[in-house]
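Colleague: What shape does this take:
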Amino acid sequence: MDQIFVIQAFFFVIIIFSSVIHEYAHGWMADRLGDPTARLSGRLTINPLVHIDPVGTFMVPAALFLFSGGRFLFAWAKPVPVNPFNLKNIRFGTGGVAFAGPASNILMALIFGMMIRFLDAGQFSEFLAIIVYANLLLAVFNLVPIPPLDGSKILFAILPSQFNDLKIYFEAYGWVLLLFFALFFFNLLIPIIEFLFELITGQNILM
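Modeller: Numbering: from 1, shown residues only. Sure, this is the predicted structure:
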């Protein structure tokens, strides 16, 4: 079997599983902060079947794979339901729930990155590196402060209430802004991901 195909398939599987962990983390944090919606709806689980989104899990990654000639692939899981009015503190609770997703991906990147740094993984190092890279990709991209990404929720949880009108405007045009960013400015994130990869693993991303 072609090695490139194996690597791309593994990357796809890791992106999906990491997205599931990402969504689980949102639900877990919301539950800890007073909102049981995800748990009561059966979404507080790492079972991928519960989190599959037909568009984000299959259609978008397939289209990206085809249009990029196999050079770029991104996917996401179905967002867990969160009712901010159940949170103990709506403003900062919303920010905490949003941050939990990228934080879970950073944690996974750290765990597998430490395996690369301190263990002799041999031929499995390449697959460990894919896990680290995929999770850093998810974390960094989701921290971009454009709705509906987590970064926007974190940003407006920090900003004073005077910016609520800006929040409404951003949310109304969020998908347009996000598409524009993904098409023309996504490459700005690559140096950040590469820097974090080398910082965590102690190795060049092209090892």
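
Colleague: Do you have the strands of the protein handy? List them.
Modeller: Assigned by DSSP state E, the chain shows no strands.

Colleague: show me where pLDDT drops low in it?
Modeller: By pLDDT under 70, the low-scoring segments of the chain are 1, 65, 68-73, 206-207.

Colleague: So which residue is dead centre in it?
Modeller: The residue lying closest to the centre of the chain (Cα atoms, centre = their mean) is L138, at 3.1 Å.

Colleague: I figured F170 hits P148, correct?
Modeller: No. Look at F170 against P148 with Cβ atoms under 8 Å: they stay out of range, at 9.9 Å. Quick note: C-beta positions are derived from backbone N, CA and C, even for glycine.

Colleague: Look up the closest residue to G101, ignoring the ones flanking it.
Modeller: Take G101 and drop its neighbours on the chain: the residue closest to it by Cβ to Cβ, 6 or more residues apart in numbering is H22, 4.4 Å away.

Colleague: Next, count neighbours for the nearest residue to F181 once chain neighbours are set aside.
Modeller: Excluding the flanking residues, the one nearest F181 by Cβ to Cβ, 6+ apart is I146, at 5.9 Å. I146 has 21 neighbours, counted by other Cβ atoms under 10 Å.

Colleague: Could you check how far I146 is from F185?
Modeller: 10 Å (Cβ to Cβ, to the nearest Å).

Colleague: picking up where we left off before, what about F170 and P148, which has more around it?
Modeller: Using other Cβ under 10 Å as the criterion, F170 and P148 rank with F170 on top: 18 against 13.
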